[in-house]
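Enquirer: have a look; sequence and predicted model below, questions after that.
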Amino acid sequence: MAMRYIPISPDEQADMLAAIGLQTIDQLFSSVPPSLRLQEPLNLPPAHSEIELLRRLTIMAARNATSETFSIFLGAGAYHHYRPAHIDALITRSEFLTSYTPYQPEISQGTLQAIFEYQTLVCQLTGMEVANASLYDGSTAVTEAILMAHRLTRRRRVLVAASVHPEYREVARTLTQTLGLEIELIPYNRTTGQLDLGAVRLDASVAAVVAQSPNFFGVLENLEAISHAAHQVSALMVSAVAEPISLGLVRTPGEQGADIVAGEGQSLGIPLSFGGPYLGLFATRQEFIRQMPGRLAGEAYDHHGRRGFVLTLSTREQHIRREKATSNICTNQGLMMLIATIWMASLGRQGMKEIAWQNVQKASYAAQRIAALDGYERRFTGPHFNEFVVKTRRPVSETLARLQEDRIIGGLPLGRFYPELSDCLLVCVTEMNRREEIDQLVNCFDQM
Amino acid sequence: MSHDQQAKPTATHIVRDEALLFERSRPGRKGYALPALDVPQQPIAQLIGEAYLRTDELSGFPELSEVDVVRHFTRLSSWNYSVDMGLYPLGSCTMKYNPKINEVAARIPGFALHHPYTPEELSQGSLELLFWLEQLLCEITGMGAATLQPAAGAQGELTGMLVIRASLAARGHPRQTVLIPDSAHGTNPASAAVCGYQVKTIRSNERGLIDLHSLRQAADETVAALMLTNPNTLGLFEEEIHQVAEIIHGVGGYVYMDGANMNALLGITRPGDMGVDVMHLNTHKTFSTPHGGGGPGAGPLLVTKALEPFLPIPRVVKSEDGTYHLDVDRPHSIGRVRAFYGNFGVLVRALAYILSNGPDGLRAIAETAVLNANYVAHQLKDVYDIAYAGACMHEVVFSDKHQLPYGVKNLDIAKRLIDFGFHPPTMSFPLIVPGALMVEPTEAYGREELDAFIAAMKTIAQEAREHPEQLRSAPHLTRIGRLDEVAAARKPVLRWQPQSASAKTDTSA
């Protein structure tokens, strides 16, 4: 049967069968016991032409609200940011898009050099010494950081700030539960929104202290004080990052003493895409590289002395070490890594600063205007980046429903993750939100 | 070998130097434009506090125009081999054609711009897509329930092992060991270990299949699961899978199947009918998401109906009124394995692929993939050793046994293939075949392409006898020669530094 993705005609198929001495296709499957062979075709929808397929999917997609149809003030670990058009033009080049993991360096230098550049950019952005070639996403990167801290310290207690993205915390709990790790929450200060390290027992049983900045409430943490406290008991400081654009403006985790930076790189040019695929950022200090999960590209030379790049230090990985590997991760987020590399290269030194600056300016404008309304207040006093928590005049669900009538998605109701904040909304403003949208949001709040 | 079968190497690789981004950087260039700030500007130190501000001016970050960036990455791309360029016979990785319509589908704005925390009533399209895809994958595999959350095959494995562990714990005892055949993927033992299990290796028999005798001896009440790959990494179907499942079920364990090789089974047979309890799929392999230089993929997990309560949260559920919801109220669930709902964009591509092909198309894919592998196996079996001569499925494992006497190893053969314009086969496993060359042609290559590959392999075999040194120093026709990986690992340089060796290179590009 001729199918459009199969470059073999029925006649050629017959010839090939004959060449190997068979008469029918079924004979190819002689090793599958007859009792296991399907007698009927799979019960699936019939083959769709491109026209039918796109029509069907477009109708489905139209049932989703997006920034094309609504004013959206959602962040919380997934951000709507500027994506220059040339990103998609470059990543859809077949040579990038349809190549595999670069195990054969002589014909994979494009991907390998891009990984090396990415590793460098992540180090520069985070102030760390080495970065890997990416992990799945922020939640699994933070989990891998915890596992790495456990390997390095051989300790089992992990202190994780309650202001770390709740889904990252849940994932860490799920994926470390069988290894006997104890995850304890560090409460947040009810006034500032920053973590309160004094409220937990920090001693030599602690493998790592995990803090996120800006944290889930959008508030910046004093990472220096946290890493200082962690290092006093020889624990590692893991800095989680969900909004890496903030690093264009705020002090790096590296400068503040972080041992591992783990987080989400979606902000760096990757589409929202209903939560994935995203990009797990992971960086650490040189001395820890042999305990680092994930792939690494390194510089190498050929016999003519020409510079190139190879995957290196692979003895940590599962295809060599099997059950003794540092991690079971195999696939990474190669294409997302490439997007982030192109995005950071395009924004460059000036753009990274400017986009971060615009985020702060716009979010501050929105926060100040909302806080000036009767019955609304900014819930936390700590400095924020592009998100802030608003206590609303009316119940949150009522507020959001009212905004939706005006085609506004006003933020994330926090009660879902923090019952004590059930009267609060997490509002995000980026460079993509125009002033009119912000003003309309403020007006709607005011009219309620 | 007749003369017309003699293949000639051809230079296919573009030779052009391209410095690193950082070396191309020139102060003052910019590759973006933002709108002017449209709200009143305030002093930044006043907004977030001096103590929080970055002071290093992002030193080292490149400064480039858009044109610089586009040329840079276009040039880099020209150094990559890709599926769209030619045969990529990377066994077990299923490097098949990636239909372009899938890319269009994933970029429909209603999907690409959809925020994961959009209220459910305004997310019905994406939720419906997830719900529907779960159902289709259950039909394809014969399993009872699915979760689309795992971000990759290895994460699917880990999730599956956690589900098994949770189920056994609910029965009173999580057990200690996982049995894994020596022909398994490297991620299998790693996943079992990360889940806290002891790994016990099961030897393959002389036919390359699970040895039932060894399995019976190893199967006892401590066994949580057997993790197998079917067809296995030797490209062979586990003919006795029913007995294998019976043995494991007999001691109260579960059968986990690595579905990486599902491309060979589409529409032919279903793991759920074989006695498999838990399996993952690699949607990027079987359902054609481009590999993107190493990812992203997606590794949906499928389980029997009985194991559904343990699947990760959230679950996508459909109400009686036809609306879709995310259910997190699942008391037996292992918890969340990834933020949000999985690699949604990859799942859109998988759905598009399934719909484009339909049931007959999927079956034709498996048939053609298996035909192509058998064709290559047949044409090369007299030239290269085939370690296990069974009825091969979608991949065939050769070895360098016939070439070793001339001092030629599998790596040399692989590198020489590059000179003929092909990507080398997989060499790192299966571990039980010394000098392995695992070839998986997939359904995406026609007879001419396969014949050209066969001819190249034959020429290389001849060169191994006559000019072995030519192979040991291959490739010769690429921009860059064999790189010194040993030196690279001994003193790793993992990033650019202004003072590093990289700075020696010409930066006048």
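Expert: Ah, there it is.
Enquirer: please report the distance of A:A208 from A:H231.
Expert: Distance of A:A208 to A:H231, computed by C-beta to C-beta, to the nearest Å: 11 Å. For glycine as for every other residue, the C-beta is placed from the backbone atoms N, C-alpha and C.
Enquirer: ok, those two, which is more surrounded?
Expert: A:A208 (27 against 14; other C-beta atoms under 10 Å in any protein chain shown).
Enquirer: tell me which helix or strand that one sits in.
Expert: strand A:206-212 (DSSP states H and E).
Enquirer: ends of stretch A:269-288, how far apart?
Expert: 29 Å (C-alpha to C-alpha, to the nearest Å).
Enquirer: if we can go back for a sec, and the strand holding A:A208, what does it pack against?
Expert: Judged by 3 or more C-beta pairs under 8 Å, 6 or more residues apart in numbering or on different chains; DSSP states H and E, the packing partners of strand A:206-212 are helix A:138-153, strand A:157-161, helix A:223-232, strand A:236-241.
Enquirer: got any ranges where chain B has weak pLDDT?
Expert: Where chain B drops to pLDDT under 70, the residues are B:1-5, B:11-15, B:500-509.
Enquirer: middle-most residue in it, spatially?
Expert: Centroid-nearest residue in chain B, with C-alpha atoms, centre = their mean: B:C93, separated by 5.3 Å.
Enquirer: please verify my assumption that that one contacts B:T426.
Expert: Yes. Counting by C-beta atoms under 8 Å, B:C93 does reach B:T426; the two are 6.8 Å apart.
Enquirer: return every residue with contacts to both of the two.
Expert: Both B:C93 and B:T426 are in contact with B:E440, where contact means C-beta atoms under 8 Å, 6 or more residues apart in numbering or on different chains.
Enquirer: tell me how many other residues crowd A:S49.
Expert: 12.
Enquirer: look up how far A:M432 lies from it.
Expert: Distance, A:S49 to A:M432, by C-beta to C-beta: 35 Å.
Enquirer: now swap in B:I386 and tell me
Expert: 57 Å.
Enquirer: these two: which has the busier surroundings?
Expert: Between B:I386 and A:M432, B:I386 has the larger neighbour count (other C-beta under 10 Å), namely 20 against 17.
Enquirer: distance of that one relative to B:W496?
Expert: In terms of C-beta to C-beta, B:I386 sits 45 Å off from B:W496.
Enquirer: what are the ranges of the strands in the stretch 251-400 of chain B?
Expert: Assigned by DSSP state E, counting those that start in this stretch, the stretch 251-400 of chain B shows strands spanning B:254-259, B:278-281, B:301-303, B:315-318, B:324-327, B:385-386, B:396-399.
Enquirer: looking at those strands, which is nearest to B:A192?
Expert: Closest to B:A192 of the strands of the stretch 251-400 of chain B, according to C-beta to C-beta: strand B:254-259, at 8.9 Å.
Enquirer: adjacent strands (with direction) for that closest one?
Expert: Applying DSSP bridges, strand B:254-259 is found paired with strand B:223-229 (parallel), strand B:278-281 (parallel).
Enquirer: check contacts around A:L403.
Expert: Counted by C-beta under 8 Å, 6+ apart, A:L403 has contacts A:I409, A:G410, A:L441, A:C444.
Enquirer: so which of the residues you listed are in helices?
Expert: Among the contacts of A:L403, the members found in helices (DSSP state H) are A:L441, A:C444.
Enquirer: within reach of chain B, which of the contacts of A:L403 are there?
Expert: A:I409 (C-beta under 8 Å from any C-beta of the partner chain).
Enquirer: quick check, nearest of the contacts of A:L403 to chain B?
Expert: Proximity of those to chain B was ranked by C-beta to the nearest C-beta; the top entry is A:I409 with 6.4 Å.
Enquirer: what's across from the closest one in the sheet?
Expert: The partner residues for A:I409, given DSSP bridges, come to A:I72.
Enquirer: is it correct that it is in contact with A:F70?
Expert: Yes. With contact defined as C-beta under 8 Å, A:I409 reaches A:F70; the gap is 5.4 Å.
Enquirer: hey, what's in contact with both of the two?
Expert: Taking C-beta under 8 Å, 6+ apart as the contact rule, the neighbours common to A:I409 and A:F70 are B:L122.
Enquirer: in stretch B:238-245, what's buried?
Expert: Within stretch B:238-245, the residues scored as buried using 16 or more other C-beta atoms under 10 Å in any protein chain shown are B:E238, B:E239, B:E240, B:I241, B:V244, B:A245.
Enquirer: just stretch B:143-151 next, same as before
Expert: Applying a neighbour-count criterion of 16+ other C-beta under 10 Å, one finds B:M143, B:A145, B:A146, B:T147, B:L148, B:Q149, B:P150, B:A151 buried in stretch B:143-151.
Enquirer: measure the fifth one to chain A for me?
Expert: For B:L148, the distance to chain A (C-beta to the nearest C-beta, to the nearest Å) stands at 10 Å.
Enquirer: what's the helix or strand hosting A:I59 packed up against?
Expert: In this structure, A:I59 sits in helix A:50-61 according to DSSP H and E. Applying 3+ C-beta pairs under 8 Å, 6+ apart, one finds that helix A:50-61 contacts helix B:100-106, helix B:109-112, helix B:124-141, helix B:344-380.
Enquirer: if you compare those, which one is most tucked away?
Expert: For those, the largest average neighbour count (mean count of other C-beta atoms under 10 Å in any protein chain shown) is found in helix B:344-380, namely a mean of 24.
Enquirer: that one near chain A anywhere?
Expert: Yes. Using C-beta under 8 Å from any C-beta, helix B:344-380 reaches chain A at B:344-346, B:348, B:351-352, B:354-365, B:367-368, B:370-372, B:374-375, B:378-379.
Enquirer: for the residue nearest the centre of chain A, phi and psi?
Expert: Most central in chain A under C-alpha atoms, centre = their mean is A:E264, positioned 3.0 Å from the mean C-alpha point. Dihedral pair for A:E264: phi -110, psi 130, per degrees, to the nearest 10.
Enquirer: repeat for B:T147
Expert: phi -130, psi 140.
Enquirer: how about the strands in the stretch 101-250 of chain B?
Expert: B:145-147, B:177-181, B:198-202, B:223-229.
Enquirer: same check on the stretch 201-350 of chain A?
Expert: A:206-212, A:236-241, A:260-264, A:280-284, A:297-301, A:307-311.
Enquirer: walk me through which strands the first one pairs with, and which way each runs.
Expert: It stands for strand A:206-212. Applying DSSP bridges, strand A:206-212 is found paired with strand A:157-161 (parallel), strand A:236-241 (parallel).
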